[in-house]
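K.L.:
Sequence and predicted structure below; questions after.
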Amino acid sequence: MKPLHYVLVLYLVFTGMVIHAQNKNLATGDTAISFKVHGVCEQCKDRIENILKVKGVRSAVWDMETQQLSLVYNPAKISLDKIENRIVAVGHDLENKKAKTSVYSALPKCCLYRAMETAKMEMKKDTVVQRLQEINYTIDSSVKTIQRSSEAGSALIKGIVLEDDNKGKFRPLANASVFWLGSVHGVITDSTGLFSIAQDSSNHNLVVSYAGYKSDTLNVHESTELKIVLASNKQLKEVTVSSRLKTTYVNNYSPIRTETMLSSELLKAACCNLSESFETNPSVDVSYNDAVTGSKQIQLLGLSGNYTQLTVENLPGPRGIATPLGLNSIAGPWIESIQLTKGVGSVANGYESIAGQINVELKKPESSEKLLANLYINDYGKTDLNLNLAKKISNKWSVGLLLHDDFLYNKKLDFNKDGFRDQPTGNNLSLINRYKFDNNKGVLVQFGIKVLQDRKTGGETRFDPDLHKNTTNRYGLGINTERYEGFAKIGYVFPAKKYKSIGFQAAAISHNQDAYFGLTTYNAKQKTVYANLIYQSIISTTIHKFRTGFSFLYDKYDEKFKAGNYARTEIVPGIFGEYTFTPNDKFSAVVGLRADHNSLFGFFVTPRLNLRYEPVKGTTIRGSVGRGQRTANIFAENTSVFVSARQVNIVAAASGKAYGLNPEVAWNKGLSVDQKFKLFGNDALFTVDYFRNDFTNQVVVDVEDARAVKFYNLAGKSYSNSFQAALNLEPIKKFEIRLAYRLFDVKTTYSGKLTERPLISKNRAFANLAYAINGFKFDYTITFNGRKRLPDTQANPAMYRLGQYSPGYMLMNTQVSKTVGKKHPLDIYVGVENLANYFQQQVIVAADQPFSPYFDASMVWGPVNGRMFYGGLRYTIK
């Protein structure tokens, strides 16, 4: 039997087991019933449904709006009376049974439905009409604005609570709790989202709470009107009087620890593109690949960005040949959020994740601003122009257009005066045109195109391509890139069974790059086709969830480096299955397995496990273990090959493979602890995590010989250990502090000797301060990077030798922004990067002899540029 047949057999067995498990639970004798259970919020919903995850109950779904519990159970295994007793025992009344007062009183404040129902009953019948006259509001689903006019009643706080449904619409949020801090007395919003509460002369802290959203305390000193808009991502989005927006958060209930950075987090720095999006994040390092191309790479868990799976809306992001310029190709103003996962993630996203995964969510046409225009310029001469447009064509269709253009023509940018440009000049133009269809009956369709054209020229400041290209008169480089993508997503959610859905994702990519580096040429083409089919549902109850599907990946590479031609085609069909077990709020587990067949490397299996345990409220422990595999693209991922005089030596193990080398395979193990607590009266979070990667095979990039770079399969050990501790706190309102320390231990076997990997800082400390007041936002970030081991250069003449280690150094960035206007806000921002003007002095070895055997522009351990001032304008029509 061929390996591909094994894949199909495994999938059919898994699917058969799932179908059998589902059919087994559809046995005769089940009874469906619906009755009222009193409650008010999502915490109530979780409590009611979780208490019924018992033997004999196949399905229990509580509707928060109607308070109706839809129940499917087997009377032969559990009686209705026992079911009712379980509900009452956790504090929820039925029509025929009441919970004990002591149990009810112990519920969280937002769950005290009796008091809220009493307050609601005391309202006069004409309350809604009366309040609509007091607060006239208009909801425009495209513009997302609220216009209010009212006659303020004396000693009353009035307002409205709305929900952003992520479809460009506002909906009134009924049953939200509004109460004075420390008091048991309060009100709930009615069906139109309106509330009115008497002012408390001795208390000015008004709490707006709704389970599943970020609660907020407003400081209200006089009779006024409030508007609260809650976003569908469960975070507080906007408050008219006082806003509290968490720019970075972690989903406490997910077994896979994923840190989400919202677009507001990215605004703390210039963030012209994705490579600059992590300046305020302690987990990710961003550094230059070399001293001349301007390309950047990330580091996660002590490993280069090649080992971090980069996706854009869960479709393949820049990878393969696009790796060196990929981070520069996604404009910052396009980004809605970034999800960062350390360690292994879901098998549904593929097998390539080794250090972690970064998923970028772009602005959606149905929920983003109608218009966003951004102008950025710095004192280097670099200019960025961005224009985001979105429009609702109809109730079902929406369209978005994202445009980006950046250019730099300053050829004299040379901080260390070595005669080389610190940044290449040129122009980068890119766009995304996307469409979305939603029939509001479960069918969702998205599709669009992406286009990128990038032209760069670098090298010596006096290099002129028309005069000096392909000569030894001046050293120069040119990189011309064209990239075209098409993507589509089709999904269907079963209306009667929201837990069941099926989705199909597809993408086609064409990436062409023509480049020269001095006398060296590198021309490459990549064609990629990707498809993924996912089906998800439950087994019996929501305690047991699963998803399964097929995936397909086609990569065709054609690389021409110097006189060599490196072409290959990889075809990888695969299947996967993932099971999620959630018996209660304290424990959950995700077990995943996928099987793939690579046309070059054969059949392989990827198992992954993620666990979550919350022993006490506020303490979350997570563990993970799993396998990752990828094919190394040795040239695109190591631009040092192009910008140095080193001789390239590929120690091939076999023909017919990628460069004659084996795939990279590693096992990742991780443990993290999140501890929430109160500090200075506000929420604080302390996090520690530890991850270890062990490679069973790795394509080793050996630069320990100053005259050569060698690529060969690992023969020995290679591992990385990463430890990080972080503290997030808020000593006073709107003043946030983020502190972190990270320790790396990364070693690889080079030519039989286990050695510390070069150009990696073992120690790193980080601090970020953010303060907001009266429309102003102040941000300051400082990082300390410890020393890094440098490759051996003792074979060079004395003047071209480097030390054994680089010095440690500090980097400081700061920004001040001011928002003017509310309906059409204008943000004005100014900032400084590298405030202390620290930069690497000898960034290029033998810069005075670029065509000598000693030339090397890859020994970058610190900043290439010095201090940089910037400013910009950001205009928004919501």
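P.N.:
Noted; the coordinates are in hand.

K.L.:
show me where pLDDT drops low in this structure?
P.N.:
Low-confidence segments of the chain (pLDDT under 70): 1-29, 117-156, 164-171, 182-185, 191-192, 201-204, 211-217, 219-225, 227-245.

K.L.:
Dead centre of it: give me the residue that sits there.
P.N.:
Closest residue to the average C-alpha location of the chain: residue 339 at 1.4 Å, with Cα atoms, centre = their mean.

K.L.:
which residue sits closest to residue 838 in space, ignoring its chain neighbours?
P.N.:
Spatial nearest neighbour of residue 838, excluding adjacent residues (Cβ to Cβ, 6 or more residues apart in numbering): residue 809 at 5.4 Å. The C-beta positions use only the backbone N, C-alpha and C, and glycine is treated the same way.

K.L.:
Contacts only, for the one you found.
P.N.:
Taking Cβ atoms under 8 Å, 6 or more residues apart in numbering as the criterion, residue 809 is in contact with 784, 785, 838, 862, 863.

K.L.:
Report the buried members of those residues.
P.N.:
Burial by neighbour count, 16 or more other Cβ atoms under 10 Å: within those this picks out 785, 862, 863.

K.L.:
so how far is residue 478 from the second one?
P.N.:
Okay, so that is residue 862. Here residue 862 is placed at a distance of 26 Å from residue 478 (Cβ to Cβ, to the nearest Å).

K.L.:
coming back round to it: bridged to the residue nearest to the centre of the chain, which residues?
P.N.:
Taking DSSP bridges as the rule, residue 339 bridges to residue 260, residue 359.

K.L.:
Grab the CA positions of stretch 735-751 and hand them over as PDB.
P.N.:
What follows is stretch 735-751, C-alpha atoms only, in PDB (Å, rounded to 0.1, in the frame of the first residue of the first chain):
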ATOM      1  CA  PHE A 735      -1.500  54.300  33.200                       C
ATOM      2  CA  GLU A 736      -0.400  50.800  32.200                       C
ATOM      3  CA  ILE A 737       3.000  49.300  32.800                       C
ATOM      4  CA  ARG A 738       4.300  46.200  31.100                       C
ATOM      5  CA  LEU A 739       7.500  44.600  32.500                       C
ATOM      6  CA  ALA A 740       9.300  41.400  31.300                       C
ATOM      7  CA  TYR A 741      12.500  39.400  31.500                       C
ATOM      8  CA  ARG A 742      13.500  36.700  29.100                       C
ATOM      9  CA  LEU A 743      16.300  34.100  29.300                       C
ATOM     10  CA  PHE A 744      17.500  32.000  26.300                       C
ATOM     11  CA  ASP A 745      19.700  28.900  26.100                       C
ATOM     12  CA  VAL A 746      20.100  28.000  22.400                       C
ATOM     13  CA  LYS A 747      22.700  25.600  21.200                       C
ATOM     14  CA  THR A 748      23.400  23.600  18.000                       C
ATOM     15  CA  THR A 749      26.100  21.100  17.000                       C
ATOM     16  CA  TYR A 750      28.500  22.700  14.500                       C
ATOM     17  CA  SER A 751      30.900  20.300  12.900                       C
END
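
K.L.:
Buried residues, that stretch. List them.
P.N.:
735-736, 738-742, 744, 746-750.

K.L.:
Over to stretch 293-304?
P.N.:
Buried-residue list, stretch 293-304, by 16+ other Cβ under 10 Å: 293, 294, 295, 296, 297, 298, 299, 300, 301, 302, 303, 304.

K.L.:
what's the answer for stretch 410-426, then?
P.N.:
For stretch 410-426, a neighbour-count test (16+ other Cβ under 10 Å) marks 411, 413-416, 418-426 as buried.

K.L.:
ok, so of these, who is nearest residue 800?
P.N.:
Comparing the buried residues of stretch 410-426 against residue 800 with Cβ to Cβ places residue 418 closest, at 12.5 Å.

K.L.:
one step back: could you dump the contacts of residue 809 to TSV with secondary structure and distance to residue 511?
P.N.:
Compiled in TSV, these are given as follows (DSSP: H, G, I helix; E, B strand; the rest coil; distance: Cβ to Cβ, whole Å):
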residue	secondary structure	distance to residue 511
784	strand	37
785	strand	32
838	coil	35
862	coil	31
863	coil	29
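
K.L.:
Could you point out which of those residues is nearest to residue 617?
P.N.:
When the contacts of residue 809 are compared for distance to residue 617 (Cβ to Cβ), residue 784 wins out at 34.9 Å.

K.L.:
For that closest one, which residues are in contact?
P.N.:
763, 764, 765, 766, 808, 809, 810.

K.L.:
Let me know the secondary structure of residue 865.
P.N.:
At residue 865 the chain is in coil, as set by DSSP: H, G, I helix; E, B strand; the rest coil.

K.L.:
in the stretch 401-550 of the chain, which spans are strands?
P.N.:
For the stretch 401-550 of the chain, the strands defined by DSSP state E, counting those that start in this stretch cover 425-438, 443-459, 476-493, 501-517, 520-539, 541-561.

K.L.:
What are the buried residues along the third one?
P.N.:
Of the residues in strand 476-493, those scored as buried under the neighbour-count criterion (16+ other Cβ under 10 Å) are 476-481, 483, 485, 487-491, 493.

K.L.:
measure residue 372 to residue 621 for me?
P.N.:
40 Å.

K.L.:
So what does residue 794 look like in phi/psi?
P.N.:
Taking degrees, to the nearest 10, you get phi -70, psi -20 for the backbone angles of residue 794.

K.L.:
My error: substitute residue 640 in the last question.
P.N.:
Phi and psi for residue 640, reported as degrees, to the nearest 10, are phi -60, psi -20.
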